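A.B. asks: pasted the sequence and its predicted model underneath.
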Amino acid sequence: MSALYRHEVRGGTLIIWNCNTGMRNALSYEYYQGLQEGLARAAEDTAIAAVILAGAGGFFCSGGNLNMLKERRAMPYEERQVQIGKLNALIRAVRGCPKPVIAAVEGGAAGAGLSLAMAADMIVAEEGAMFTLAYVKAGLVPDGGATYALTQALPRATVARMAMLAEPLSAERMHQLGAVTELAPKGRTLAQAETLADAVARGPEMAIADIKMLLNQAETASFEDQMTHERDAMAQALGGDEAQAGIGAFLSKTSPVFR
């Protein structure tokens, strides 16, 4: 592992740390690699039930490295597209991981760091943390799916102020609007994210993976297509061992054991 990222397994949870603390955990190519390796490991390892994305040093992620962006200015347009596409691949990997991904946001999430947090299935945010899209201050536009994810979760006018005026949004406001799952007292964000991950870990692995797939599909599918997706997933789930355990426990008024 690089000094800029770290993998840590606690129980059934894989924590992927961004360790670029000298730059408030700005994204690095090493972290890109480490995050994708960690997500692939989680997808294949049945002992891992959930993934937590965390930033060392009390800040989640400050986004792109401006020195790297400065270097890209000299590249041809097509090469700039390729480099930005690496961030898109990272976001797709988070959304495509079959295990639930939880972002533990301390301090703040800015720019592409906000895109990364919004790609997670759930966000546990420290009270007072700030969510920022300040691209416009550098004459740039949001990337990494930020405008898509934020307009799915927040009113369009709120996102417009964030993107056009670089106005930050507090964790409390994000929670009030439904974009943040839980608020945590200072110093308790990771522990609260682990508690949430443990709760997920007690659930049925395949059913949760299919739920994540359905939620992803629902964002772009028509109503009729989504009903078809749900029909197929439900028919598949009904024939599985998890449904046998879950239905049997429900009928016998006992607690199901899935793992």
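C.D. replies: Noted; the coordinates are in hand.

A.B. asks: when you work out contacts or count neighbours from here on, use the C-alpha atoms and nothing else.
C.D. replies: Noted.

A.B. asks: now the strands for the chain?
C.D. replies: With DSSP state E as the definition, the chain shows strands at residue ranges 5-10, 13-18, 50-55, 101-105, 108-110, 122-126, 130-132, 169-170, 182-184.

A.B. asks: so which of those strands is the most packed in?
C.D. replies: strand 101-105 (a mean of 29; mean count of other C-alpha atoms under 10 Å).

A.B. asks: need the residues that contact that strand.
C.D. replies: 50-55, 59-60, 94, 117, 120-126, 129, 189-190, 193, 197 (C-alpha atoms under 8 Å, 6 or more residues apart in numbering).

A.B. asks: give the pairing partners of that strand; include direction for each.
C.D. replies: strand 50-55 (parallel), strand 122-126 (parallel) (DSSP bridges).

A.B. asks: what lies in contact with the helix or strand of the chain with the lowest mean pLDDT?
C.D. replies: In the chain, no helix or strand scores lower on mean pLDDT, DSSP states H and E than helix 66-72, which sits at a mean of 81. With contacts defined as C-alpha under 8 Å, 6+ apart, helix 66-72 is touched by residue 80.

A.B. asks: cool, and stretch 48-59?
C.D. replies: By C-alpha under 8 Å, 6+ apart, stretch 48-59 touches 11-21, 24-25, 39, 42, 60-61, 99-109, 190, 193-194, 197-198, 200-201, 205.

A.B. asks: burial measure for the nearest residue to residue 47 once chain neighbours are set aside, as a count.
C.D. replies: The spatial neighbour of residue 47 that comes closest, neighbours along the chain excluded (C-alpha to C-alpha, 6 or more residues apart in numbering), is residue 12 at 5.8 Å. Residue 12: 20 surrounding residues under other C-alpha atoms under 10 Å.

A.B. asks: wait, residue 12 touches residue 198, no?
C.D. replies: Yes - using C-alpha atoms under 8 Å, residue 12 is in contact with residue 198, at 7.3 Å.

A.B. asks: need the strands of the chain in JSON lines (columns: mean pLDDT).
C.D. replies: Below are the strands of the chain laid out as JSON lines (pLDDT from 0 to 100):
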{"stretch": "strand 5-10", "mean pLDDT": "96"}
{"stretch": "strand 13-18", "mean pLDDT": "98"}
{"stretch": "strand 50-55", "mean pLDDT": "98"}
{"stretch": "strand 101-105", "mean pLDDT": "98"}
{"stretch": "strand 108-110", "mean pLDDT": "97"}
{"stretch": "strand 122-126", "mean pLDDT": "98"}
{"stretch": "strand 130-132", "mean pLDDT": "98"}
{"stretch": "strand 169-170", "mean pLDDT": "98"}
{"stretch": "strand 182-184", "mean pLDDT": "98"}
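
A.B. asks: so which of the strands paired with strand 101-105 comes closest to residue 6?
C.D. replies: strand 50-55 (9.9 Å; C-alpha to C-alpha).

A.B. asks: quick one: residue 235 and residue 207, what's the gap?
C.D. replies: 12 Å (C-alpha to C-alpha, to the nearest Å).

A.B. asks: who's more crowded, those two?
C.D. replies: Shown here are residue 235 and residue 207; by other C-alpha under 10 Å, residue 207 has more neighbours (18 against 10).

A.B. asks: so what's that one up against?
C.D. replies: Contacts of residue 207 by C-alpha under 8 Å, 6+ apart are 237, 242.

A.B. asks: mind starting the numbering at 2 from now?
C.D. replies: Got it, first residue is 2 now, which makes that one residue 208.

A.B. asks: for residue 99, grab phi and psi.
C.D. replies: Residue 99 adopts backbone torsions of phi -70, psi -20, taken as degrees, to the nearest 10.

A.B. asks: in this structure, which spans are helices?
C.D. replies: Ranges of helices in the chain, per DSSP state H, are 30-45, 67-73, 78-97, 113-120, 147-154, 157-165, 172-178, 190-202, 206-219, 224-239, 242-252.
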